[in-house]
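Colleague: below: sequence and its predicted model.
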Amino acid sequence: MRLAPKKRIQLTLFVSESDSETIEHIRKKFNTKQFELIKSHVTLCREEELENLARIVENLNQLKSSPIVIPFEKVKRFSEGKGVLLPAKKGNVDFDNLRHTVLKGIIDNPKKQEAHITLMHPRNSTCTDILFETIQNVSFPKILTFNKITLIAQEMDEPWSIIKEFKFY
């Protein structure tokens, strides 16, 4: 599978519509640009990990896994306080194992990636102390279940588009 050179790709776990209402409300209110580019999600694999896309797709097609459950902590700021994310609890073995399975035969020891949902991306929003106080008082889901992995692409600064979905069994 070849993509145009100007495209970025990643593997994503999109938050289901039934679970995303609160998250999307905050994203739309405080980070409209990012809200317009992509729905709320946890990035599973970044583009630099997906260079051998044919092998990745093969691994995904052979994936035999039940849905992945990710527990989340309280929101926190990042990138010198400009951004806000909803971090997954530390030690999420299921997330780590899923990354290893997807990257099998390509990257034997993938870099540790902390699962999270970005609420305010510092590239196109800036969190203030007042905004963060407001966001801290929101009741976000404590646990989310993901039923599929989605291969997505972005060309330039356009919204991300779905290339293919791989459902869990």
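Modeller: Ah, there it is. Since the model is a prediction, treat every value here as computed from it, not as a measurement. Numbers count the residues shown, from 1 in each chain.
Colleague: and the gap between residue 163 and residue 149?
Modeller: To residue 149, residue 163 is 11 Å away according to CB to CB, to the nearest Å. Quick note: C-beta positions are derived from backbone N, CA and C, even for glycine.
Colleague: those two - which one has more neighbours?
Modeller: Taking other CB atoms under 10 Å, residue 163 and residue 149 do not tie; residue 149 has more neighbours (22 against 15).
Colleague: excluding chain neighbours, what is closest to that one?
Modeller: For residue 149, ignoring the flanking residues on the chain, the nearest one in space by CB to CB, 6 or more residues apart in numbering is residue 166 at 4.6 Å.
Colleague: then residue 123?
Modeller: residue 34 (7.8 Å).
Colleague: for the chain, longest helix please?
Modeller: Looking across the chain with DSSP state H, the single longest helix is helix 17-30.
Colleague: tell me which other helices or strands that helix touches.
Modeller: Contacts defined by 3 or more CB pairs under 8 Å, 6 or more residues apart in numbering; DSSP states H and E place helix 17-30 against helix 32-37, strand 116-120, helix 129-136.
Colleague: pick the most buried one from the ones you listed.
Modeller: Greatest average neighbour count among the helices and strands packed on helix 17-30 goes to strand 116-120 (a mean of 24), per mean count of other CB atoms under 10 Å.
Colleague: give me the angle between it and helix 129-136.
Modeller: Using axes from the mean of the first three to the mean of the last three CA atoms, to 10 degrees, one finds that strand 116-120 and helix 129-136 are set 140 degrees apart in direction.
Colleague: compute the inter-axis angle for strand 116-120 and helix 17-30.
Modeller: Using the same axes, to 10 degrees: strand 116-120 against helix 17-30 is 30 degrees.
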